[in-house]
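Student: Could you look at this predicted model? Sequence included:
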2 protein chains.
Amino acid sequence: MSPVATIDDLPPLEHAGRTDRVRARLDVAALIVTEPHDIRWLTGFRGSTGWVVLLPDRTLLITDRRYGERAAAETAPADDVEVVVGTDRPDLRARLVAALAGVGRVGAQASHLSHAVWEDWAVDLPLEPVDGAVAAERRSKDRGEIARIELAARIADRALAEVAPRLGETPTELDVRHELEYLMRRFGAEGPSYDTIVASGPEHAARPHHGAERRTITEGDTVVIDVGALVDGYHSDMTRSYVIGTVSPRQQEIYDLVATAQAAGLAAVGPGVATRDVDAACRAVFAAAGFADWYLHATGHGVGLQIHEEPFHAPTSTAELLLGDVVTVEPGLYRAGFGGVRIEDLVEVTPSGQRTLTETPKDAPCLPSPPTT
Amino acid sequence: MSPVATIDDLPPLEHAGRTDRVRARLDVAALIVTEPHDIRWLTGFRGSTGWVVLLPDRTLLITDRRYGERAAAETAPADDVEVVVGTDRPDLRARLVAALAGVGRVGAQASHLSHAVWEDWAVDLPLEPVDGAVAAERRSKDRGEIARIELAARIADRALAEVAPRLGETPTELDVRHELEYLMRRFGAEGPSYDTIVASGPEHAARPHHGAERRTITEGDTVVIDVGALVDGYHSDMTRSYVIGTVSPRQQEIYDLVATAQAAGLAAVGPGVATRDVDAACRAVFAAAGFADWYLHATGHGVGLQIHEEPFHAPTSTAELLLGDVVTVEPGLYRAGFGGVRIEDLVEVTPSGQRTLTETPKDAPCLPSPPTT
């Protein structure tokens, strides 16, 4: 089992210009970036301790001695980042305050930074809440980012292709999860994108947020598998649903309804489209069939360095899709006693609408019956 | 490969009394608990969205509809917890404010809560920073907690026992990591306790925070493996160090020095001991041998629902060990060009000193030579 591809085969990440694009969004003189995914996207730095300071004319990464050598190496591809290495927390704080002395209004990420740290810094810095400036720039993915997400999707496709035909022979949900995650690592993933969901039978499959337990997968079950891989920090996300053994008329009806809704959602995706309209396209199919109250969640979300990031396809969302957004479209129907069906693809928003990155077939819920024992 | 044991074989977690023990620490009328591990420890609830409100005479868990059924089931073993189910964020906030109306001074976890949420709640609630009250009570583990940590340690022991003898035959660090994590799951772990470290050779093994890469493990390498398992939310933590092939005199010298320091650290552990004295016991061995500057980190930390929690064995620590603390003792020596050696055990603080929970042998760094090819 060899990797599907390696990162070295992919186009590089395009770090150049990122710090300036964020600067252009600011109405403060400087921004302290503390959210780790934002820091990684801006500078390449992956350590757990570090703050980025966007000054008008330069960018600092303040970190501690454990990460000094690594910070210099990891930030090399980014715009000029000056690595400032401190010894301990008080020293790091002193360096932060010194770097921002006299610069004017200073933004900080109030939705990420703890209140305790905010209050401590505010003693010496004129802090203002500035949230979302980096997240907004992170939405439109560059070629290197798309390639990583696509490779992650391909790895999950390949793992699911090995595991799905044997679903009826695999003892428990947890065994299926472990097998999928083992295969994704073997195929070159850093790990799973999130805890793989394997939800089977009338109760578990009826819970959208089920994990994977020691329940034995059984003839007649619906099985919802939600699986993604992680490649160079980038996530993929996909769901497929199965029936073990003969598909009942009710199971076929629900499956077809979800497939129709998902197709409607995919058809709605395109640049300039309101994200709530993607959600509405799926919801309308369910409502017309009388299944509105079987749909328990929103229709999708952005995917990148985080598994859930901007934008979100929810009824209350106000965002519009952008070229280069990578989003899920994932309607589902759930009812205790029946089980559940969800179909989820990961797509890139393109000038003509969307390009689907997940390739696992989704045309039918049927699987071979398990062997009789 | 069957599980080492299952959770059902273990003593139950003793939730009774936990909320009252935290109440006894407060000098405010009520506490809003938002840190997820604190919430799980207090109530059993494992969902990602929820706030616990400790009122003088009752305990609320405020969560949303996705988690309502689950919250009721998960909190059943705890002290009476009233589950309050809201619809969306504004509704959850309104329920929080209503529950605290007129109660007096309200504590909130300023080190965890974001500044943005704090400011929003502070409009309607007289918030005061209260950090550490739950963390302090979480330190002394009950029988059920110790049993889970011990089972996690046993699973990691067993996985390492399978993998270590074949280290010289395994191609890369990443392969070793994947094999260890696969085996731990097969032996009954929910997953690894953290990203397993497999650091080999003169450069990687010299970095205490190395992960695992595609580097081929080679004759003459030192190899540091830092591995733990997760069982019912509880972590284990262990490090062993190896030499591939013949052990050089220098490698033997460094190994023996780390083993001596680690034994000194273990001997120092006991109830009432200052955590900085455990650190000092290890550090003194290195200093006496002239290796003080090869020791790049602190000597240990508490382990429980979090892999790093109170107390910490660092030179600047002010804590004293308590009966029931579960802590690591993990000195190491690192130098680029040489590699590294770290030996780490996980121990329970007992009346007589400590009981070691990790059982993998640590008497020698030697491994069979790799097959010549």
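Tutor: Received, thanks. Computed from a predicted model, the values in this text were never measured in an experiment. Residues are numbered from 1 along each chain as shown, chains lettered A, B, ... in the order given.
Student: From here on, just use CA atoms for contacts and neighbour counts.
Tutor: Noted.
Student: what does the stretch 1-150 of chain A put close to chain B?
Tutor: Within the stretch 1-150 of chain A, the positions lying close to chain B (CA under 8 Å from any CA of the partner chain) are A:110, A:111, A:112, A:113, A:114, A:115, A:116, A:117, A:118, A:129.
Student: Run a quick neighbour tally on the spatially closest residue to the fourth one that is not a sequence neighbour.
Tutor: By the measure of CA to CA, 6 or more residues apart in numbering or on different chains, the closest residue to residue A:113 outside its immediate chain neighbours is residue B:114, 5.4 Å from it. Using other CA atoms under 10 Å in any protein chain shown, residue B:114 has 20 other residues around it.
Student: partner residues bridging residue B:114?
Tutor: Taking DSSP bridges as the rule, residue B:114 bridges to residue A:114.
Student: residues contacting it?
Tutor: A:110, A:111, A:112, A:113, A:114, A:115 (CA atoms under 8 Å, 6 or more residues apart in numbering or on different chains).
Student: Now do the helices in chain A.
Tutor: For chain A, helices defined by DSSP state H occupy the ranges A:18-23, A:36-43, A:68-74, A:89-99, A:115-122, A:133-138, A:143-163, A:173-186, A:201-204, A:249-268, A:275-288.
Student: Below-threshold pLDDT in the stretch 251-373 of chain A: ranges please.
Tutor: For the stretch 251-373 of chain A, the stretches with pLDDT under 70 are A:367-373.
Student: what does it have sitting close to chain B?
Tutor: By CA under 8 Å from any CA, the residues of the stretch 251-373 of chain A that approach chain B are residue A:296.
Student: residues in contact with the residue of the stretch 251-373 of chain A found nearest chain B?
Tutor: The nearest approach of the stretch 251-373 of chain A to chain B comes at residue A:296, 7.9 Å away (CA to the nearest CA). By CA under 8 Å, 6+ apart, the residues touching residue A:296 are A:208, A:332, A:333, A:334, B:66.
Student: Quick check, pLDDT for the residue lying closest to residue A:225 once chain neighbours are set aside.
Tutor: Distances taken as CA to CA, 6+ apart place residue A:198 nearest to residue A:225, at 4.7 Å, with adjacent residues excluded. For residue A:198, the pLDDT comes out at 96.
Student: Can you give me the distance of residue A:198 to chain B?
Tutor: 14 Å (CA to the nearest CA, to the nearest Å).
Student: Pull the number of nearby residues for that residue.
Tutor: Residue A:198 has 26 nearby residues by other CA under 10 Å.
Student: That one reaches residue A:222, doesn't it?
Tutor: No. In this structure residue A:198 lies outside contact range of residue A:222 using CA atoms under 8 Å: 10.4 Å.
Student: before we move on, back to that, adding distance to residue A:41 and neighbour count as columns, could you present the contacts of residue A:296 in CSV?
Tutor: Shown next, in CSV, are the contacts of residue A:296 (distance: CA to CA, whole Å; neighbours: other CA atoms under 10 Å in any protein chain shown):
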residue, distance to residue A:41, neighbour count
A:208, 30, 21
A:332, 32, 30
A:333, 35, 26
A:334, 37, 23
B:66, 32, 18
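Student: will you turn these into a markdown table that also has distance to residue A:252?
Tutor: Shown next, in a markdown table, are those (distance: CA to CA, whole Å):
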| residue | distance to residue A:252 |
| --- | --- |
| A:208 | 19 |
| A:332 | 14 |
| A:333 | 12 |
| A:334 | 14 |
| B:66 | 26 |
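Student: Out of those residues, list just those in strands.
Tutor: Within the contacts of residue A:296, residues falling in strands by DSSP state E are A:332, A:333, A:334.
Student: what's near enough to touch the second one?
Tutor: Contacts of residue A:333 were listed using CA under 8 Å, 6+ apart, and they are A:206, A:254, A:258, A:291, A:294, A:295, A:296, A:340, A:341, A:342.
Student: So which of the residues you listed is the closest to residue A:74?
Tutor: Set against residue A:74, the nearest of the contacts of residue A:333 by CA to CA is residue A:342 (38.8 Å).
Student: Just grab the bridge partners of that closest one for me.
Tutor: According to DSSP bridges, the residues that bridge with residue A:342 are residue A:332.
Student: who's in contact with it?
Tutor: Contacts of residue A:342 by CA under 8 Å, 6+ apart are A:224, A:239, A:240, A:241, A:258, A:330, A:331, A:332, A:333.
Student: at 10 Å what do you get?
Tutor: Applying CA atoms under 10 Å, 6 or more residues apart in numbering or on different chains, we find residue A:342 in contact with A:205, A:208, A:223-226, A:238-242, A:254-255, A:258-259, A:262, A:295, A:330-334.
Student: Ok, residue A:72 next?
Tutor: By CA under 10 Å, 6+ apart, the neighbours of residue A:72 are A:44, A:45, A:61, A:81, A:82, A:83, A:84.
Student: Read off the pLDDT value for the last one.
Tutor: The one in question is residue A:84. We have a pLDDT of 94 for residue A:84.
Student: same check, this time on the first one
Tutor: Turning to residue A:44, the model gives it a pLDDT of 94.
Student: check contacts around it.
Tutor: A:13, A:15, A:37-38, A:71-79, A:81.
Student: If we only consider these, which is nearest to chain B?
Tutor: Comparing the contacts of residue A:44 against chain B with CA to the nearest CA places residue A:71 closest, at 12.9 Å.
Student: ok, now how distant is the nearest residue to that closest one once chain neighbours are set aside from residue A:39?
Tutor: Leaving aside its chain neighbours, residue A:71 sits nearest to residue A:45 (5.8 Å; criterion: CA to CA, 6+ apart). Counting by CA to CA, to the nearest Å, the gap from residue A:45 to residue A:39 is 7 Å.
Student: shared neighbours of the two, anything?
Tutor: Common neighbours of residue A:45 and residue A:39 (CA under 10 Å, 6+ apart) are A:51, A:52, A:61.
Student: My guess is the last one contacts residue A:51. True?
Tutor: Yes. Applying CA atoms under 10 Å, one finds residue A:61 in contact with residue A:51, separated by 5.7 Å.
Student: Tell me which of the two has more neighbours.
Tutor: Using other CA under 10 Å as the criterion, residue A:61 and residue A:51 rank with residue A:61 on top: 25 against 20.
Student: The more buried one: what's it in contact with?
Tutor: With contact taken as CA under 10 Å, 6+ apart, residue A:61 is in contact with A:32-33, A:39, A:43, A:45, A:50-54, A:68, A:71-72, A:75, A:81-85, A:96.
Student: Ok, residue A:366 next?
Tutor: Here residue A:366 is in contact with A:165, A:222, A:241, A:242, A:243, A:244, A:245, A:246, A:247, A:251, A:252 (CA under 10 Å, 6+ apart).
Student: Any idea what it is bridged to?
Tutor: Under DSSP bridges, the beta-bridge partners of residue A:366 are residue A:243.
Student: Relative to residue A:307, how far out is it?
Tutor: 29 Å.
Student: Can you point out the buried residues in stretch A:281-297?
Tutor: Using 16 or more other CA atoms under 10 Å in any protein chain shown as the test for burial, stretch A:281-297 gives A:281, A:282, A:283, A:284, A:285, A:286, A:291, A:294, A:295, A:296, A:297.
Student: so the fourth one makes contact with residue A:258?
Tutor: In other words, residue A:284. No. Here residue A:284 lies out of contact with residue A:258, judged by CA under 10 Å, at a distance of 11.4 Å.
Student: Show me whatever sits in contact with both of those two.
Tutor: With CA under 10 Å, 6+ apart as the test, residue A:284 and residue A:258 both reach residue A:264.
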